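**Student:** Sharing a model prediction with you, sequence too.
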Amino acid sequence: MSVYVGNLSFQVTEENIKETFSDHGKVVSVQLPKDRETGRMRGFAFVEMSSDAEETAVIEALDGAEWMGRALKVNKAKPREDRRPSGGGDSFSGRDRRY
């Protein structure tokens, strides 16, 4: 029961998100990923709502809405994909690098 929120202002805080999203249901958690090197917000978040009905309500209410000067993109979060490279060898060509 998690939604993806994209096109966020880089000044947004977890509290800003909780306040706005709680108008449409109970917010269970907010994840605001930061860049590993700079510590800067990455411009998106994941918001977990307490039910599917609340998830649907928040998507319908906020997708495309202007908030903090940006048009939000709000949709159902997709499961995280495994990002490990498949196979071995050269990651550019898929072949073993031989010198």
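**Tutor:** Cool, the structure landed. As the structure is a prediction and not an experimental result, all values here were calculated from the model. Numbers count the residues shown, from 1 in each chain.
**Student:** bridging residues for the residue nearest the centre of the chain?
**Tutor:** Central residue of the chain (Cα atoms, centre = their mean): Ala45, 3.5 Å from the mean position. On the basis of DSSP bridges, Ala45 is bridged to Val5.
**Student:** From Val28, how far out is Ser9?
**Tutor:** Ser9 sits at a distance of 23 Å from Val28 (criterion: Cβ to Cβ, to the nearest Å). Heads up, the C-betas are built off the backbone N, CA and C, glycines and all.
**Student:** what about the strands in this protein?
**Tutor:** 2-6, 27-31, 44-49, 66-67, 70-71, 73-76 (DSSP state E).
**Student:** CA atoms only for the lengthiest helix in the chain - export them in PDB, please.
**Tutor:** Determined from DSSP state H, the single longest helix within the chain is helix 52-62. Extracted in PDB, the C-alpha atoms of helix 52-62 (Å, rounded to 0.1, in the frame of the first residue of the first chain):
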ATOM      1  CA  ASP A  52      -5.700   0.300  -0.500                       C
ATOM      2  CA  ALA A  53      -8.700   2.700  -0.500                       C
ATOM      3  CA  GLU A  54      -6.500   5.500   1.000                       C
ATOM      4  CA  GLU A  55      -3.800   4.800  -1.600                       C
ATOM      5  CA  THR A  56      -6.300   5.100  -4.400                       C
ATOM      6  CA  ALA A  57      -7.800   8.300  -2.900                       C
ATOM      7  CA  VAL A  58      -4.400  10.000  -2.600                       C
ATOM      8  CA  ILE A  59      -3.400   9.000  -6.100                       C
ATOM      9  CA  GLU A  60      -6.700  10.400  -7.500                       C
ATOM     10  CA  ALA A  61      -6.400  13.600  -5.500                       C
ATOM     11  CA  LEU A  62      -2.800  14.500  -5.900                       C
END
